[in-house]
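S.K.: just to be clear, the model below is a prediction. Sequence and coordinates:
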Amino acid sequence: MVMCLGFLTLQSKAIEYPIKSTTLDNGLKVIVCEKNTNQMAQVEVWYRVGSKDEWDGVRGMAHMFEHMMFRGSKNFNGEGDIYIKLIDKMGGNVNAYTTYDRTVYHEEVQSQNVEKVLEMEADRMTNLILDQKVLDTERQVVGEELRLGENNWYQRMMAERYKYLYPKNHPYQVDVIGFLNEITAFTTKQCQDFYDKYYSPNNAFIVVTGNVKADDVFAYVKKHFGGITKQLPVNDKKQEPDIFTNNIEVEEMNIDFPVQIYSYIVPAPAFGHKDYYAFNLLSELLFSNSNSILNTSVVTEGNLAYQIISNSDESRLYNNYANYDVVMQAAMGNAKVKKVISKAINEIINEGVEQELIDNYIKNLEAQITFGKYSNSSIAAELGFAEYYYKDHTKYNAELEAYKNIKGEDLKVIAKTYFDPEKLKSINIKPIME
């Protein structure tokens with residue numbers, strides 16, 4: 001058994017919650033933060049699987065499994081979403097989410113129920129019920145989710161735009177929700193194959209934060225997960241694509257809603273790339289933050305647009321596209337919005353970003369992290385992010401340190417490399433004219 005001991009700290013205000021970890025023989029890592037400040041505990045199981053792992057014919061499988069995992073397993077079965085019902089009886093909260101890169105299941109319960117939750121998680125890792133009844137029920141649920149999205153004009157637009165973004169064989173070439181025609185054709189064998197491959201102990205890790213003792217949690221995990229033998233082949237990973245040039249060919253789209261959108265499409269570097277954090281920071285300062293440079297000049301002060309919607313994924317394993325949608329009244333003269341945006345970007349290329357803007361962003365980030373130290377779920381998310389992306393949970397503070405090292409001059413290079421108005425692609429999305 002290998003253990004690592006760490007402490008969550010933030011500058012001079014240390015919050016010393018011991019963090020310990022161990023890894024089972026089957027490859028399952030367990031991270032425990034002994035935050036004994038109340039009677040609750042957060043249990044999270046992170047799987048290194050998302051829509052990036054799908055193939056033609058099973059698009060949407062990762063997301064549908066998020067639903068199916070609540071339907072019951074060999075030793076915890078019943079009608080409906082039995083896992084939700086069982087956690088509700090404990091007085092706890094339970095949920096999950098799926099992204100392009102990962103799927104995470106999480107429960108918040110009283111600490112005396114942690115072993116039971118871990119037993120449930122182990123059972124659905126190895127004994128999930130995957131019969132035709134469950135499959136038929138859950139694909140109806142996912143199909144309804146797709147249809148609800150189609151009833152929202154903005155989600156319809158995003159789904160239509162997504163088709164134009166990624167080249168063939170890119171890990172993100174299909175949106176997480178998948179295709180309805182493939183979902184309705186899933187077979188139980190396809191589901192079983194996906195489950196047996198990716199829901200494996202060496203393709204997952206567990207984070208437990210709260211009123212627990214690490215040695216107790218390690219014993220629970222060994223008891224309930226230690227006998228699971230299925231394994232994901234260690235070399236089963238997609239080839240990482242090079243940073244792609246902005247080769248979006250579509251220049252215009254139509255929507256059935258009375259607004260006009262300038263949709264800026266920007267290639268974004270993946271986690272681990274030297275520009276990753278600087279790109280994220282410039283994205284925040286330029287587009288994404290409510291007090292960003294362009295939100296101020298275009299929306300709040302300029303009154304040239306209703307809002308700017310950022311669809312930039314800040315935790316991406318592969319290079320992707322960031323989308324920034326400037327939503328305006330459909331009217332003549334909107335081209336001046338592009339001029340304002342180009343002017344702001346050129347100013348950054350020539351002069352950089354004022355250090356005060358960066359410093360204020362860092363202060364806000366530090367404040368969020370400080371407040372997060374009082375929350376089991378926030379600490380679990382920090383540790384989970386570090387383990388997932390750095391493969392080292394002790395690097396939970398690396399993100400903050402990376403942002404602190406970025407200077408205004410650095411963002412000149414990022415602006416020129418990724419946001420240069422001479423190369424910046426946008427799609428003009430206009431309402432259908434009758």
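M.R.: Yep, it's here. A quick note: this is a predicted structure, and the numbers were derived from the prediction, not measured.

S.K.: residues contacting Thr98?
M.R.: Neighbour list for Thr98: Gly50, Ser51, Ala62, His63, Phe65, Glu66, Val176 [criterion: CB atoms under 8 Å, 6 or more residues apart in numbering]. C-beta here means a position set from N, CA and C on the backbone, and glycine is covered the same way.

S.K.: any weak-confidence spans in the stretch 201-350 of the chain?
M.R.: Under the criterion pLDDT under 70, the flagged ranges of the stretch 201-350 of the chain are 235-246.

S.K.: what are the ranges of the helices in it?
M.R.: Using DSSP state H, counting those that start in this stretch, the helices assigned to the stretch 201-350 of the chain run over residues 214-225, 276-283, 293-294, 335-351.

S.K.: on that earlier part again, now render the contacts of Thr98 as JSON lines, adding pLDDT.
M.R.: JSON lines is the format used below for these (pLDDT from 0 to 100):
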{"residue": "Gly50", "pLDDT": "95"}
{"residue": "Ser51", "pLDDT": "94"}
{"residue": "Ala62", "pLDDT": "95"}
{"residue": "His63", "pLDDT": "94"}
{"residue": "Phe65", "pLDDT": "92"}
{"residue": "Glu66", "pLDDT": "92"}
{"residue": "Val176", "pLDDT": "92"}
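
S.K.: right, and the pair among the residues you listed with maximum separation?
M.R.: Using CB to CB, the pair of the contacts of Thr98 lying farthest apart is Phe65 and Val176, separated by 11.8 Å.

S.K.: select, out of the helices of the stretch 201-350 of the chain, the one closest to Glu34.
M.R.: Set against Glu34 and scored by CB to CB, the helices of the stretch 201-350 of the chain come closest in helix 214-225, at 6.0 Å.

S.K.: and the contacts of that closest one?
M.R.: Residues outside helix 214-225 that contact it (CB under 8 Å, 6+ apart) are 1, 3, 18, 20, 22, 24, 26, 28, 30, 32, 34, 114-115, 118-119, 121-123, 125, 201, 206, 208.

S.K.: cutoff 7 Å now
M.R.: If you take CB atoms under 7 Å, 6 or more residues apart in numbering as the criterion, helix 214-225 is touched by 20, 22, 24, 28, 30, 32, 34, 114-115, 118-119, 122, 201, 206, 208.

S.K.: and what of stretch 420-427?
M.R.: Stretch 420-427 is contacted from outside by 161, 246, 248, 250-253, 262-265, 342, 345-346, 349, using CB under 7 Å, 6+ apart.

S.K.: and what of stretch 288-300?
M.R.: So stretch 288-300 is contacted by 284-287, 304-305, 307-308, 310, 312, 326, 337, 340-341, 344 (CB under 7 Å, 6+ apart).

S.K.: could I have the CA atoms of it written out in PDB?
M.R.: What follows is stretch 288-300, C-alpha atoms only, in PDB (Å, rounded to 0.1, in the frame of the first residue of the first chain):
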ATOM      1  CA  SER A 288     -16.300  34.800 -21.000                       C
ATOM      2  CA  ASN A 289     -16.300  36.800 -17.700                       C
ATOM      3  CA  SER A 290     -19.300  39.000 -17.100                       C
ATOM      4  CA  ASN A 291     -17.000  41.900 -16.600                       C
ATOM      5  CA  SER A 292     -14.700  41.000 -19.500                       C
ATOM      6  CA  ILE A 293     -13.300  43.500 -22.000                       C
ATOM      7  CA  LEU A 294     -15.800  42.700 -24.700                       C
ATOM      8  CA  ASN A 295     -18.800  42.300 -22.400                       C
ATOM      9  CA  THR A 296     -18.100  45.800 -21.200                       C
ATOM     10  CA  SER A 297     -17.400  47.400 -24.600                       C
ATOM     11  CA  VAL A 298     -20.000  45.600 -26.600                       C
ATOM     12  CA  VAL A 299     -22.800  44.800 -24.100                       C
ATOM     13  CA  THR A 300     -22.900  46.900 -21.000                       C
END
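
S.K.: out of the contacts of stretch 420-427, which end up buried?
M.R.: With burial judged by 16 or more other CB atoms under 10 Å, the buried subset of the contacts of stretch 420-427 is Arg161, Ile248, Val250, Tyr262, Ser263, Tyr264, Ile265, Ile345, Asn346, Ile349.

S.K.: ok so, going back, would JSON lines of the helices of the stretch 201-350 of the chain with distance to Met40 be doable?
M.R.: Compiled in JSON lines, the helices of the stretch 201-350 of the chain are given as follows (distance: least, CB to CB, whole Å):
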{"stretch": "helix 214-225", "distance to Met40": "14"}
{"stretch": "helix 276-283", "distance to Met40": "31"}
{"stretch": "helix 293-294", "distance to Met40": "40"}
{"stretch": "helix 335-351", "distance to Met40": "45"}
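
S.K.: of those, which approaches Ala415 most closely?
M.R.: Nearest of the helices of the stretch 201-350 of the chain to Ala415, taken as CB to CB: helix 335-351 at 4.2 Å.

S.K.: list the contacts for the residue nearest to Gly78 when sequence neighbours are not counted?
M.R.: Nearest residue to Gly78, sequence neighbours excluded (CB to CB, 6 or more residues apart in numbering): Gly72, at 6.0 Å. Contact analysis of Gly72 by CB under 7 Å, 6+ apart lists Gly78, Ile82, Ile129.

S.K.: what do you get for Asp53?
M.R.: Residues near Asp53 by CB under 7 Å, 6+ apart: Ala62, Tyr198.

S.K.: Pro18 sits in which helix or strand?
M.R.: Assigned by DSSP states H and E, Pro18 belongs to strand 13-23.

S.K.: average pLDDT for the following helix or strand past that strand?
M.R.: Counting by DSSP H and E, the next helix or strand C-terminal to strand 13-23 is strand 29-34. Average pLDDT, strand 29-34: 97.

S.K.: which SSE is immediately downstream of strand 29-34?
M.R.: With DSSP H and E, the next secondary element past strand 29-34 is strand 40-47.

S.K.: restricted to strands, list the contacts of stretch 420-427.
M.R.: Cross-referencing the contacts of stretch 420-427 against strands under DSSP state E gives Glu252, Met253, Tyr262, Ser263, Tyr264, Ile265.
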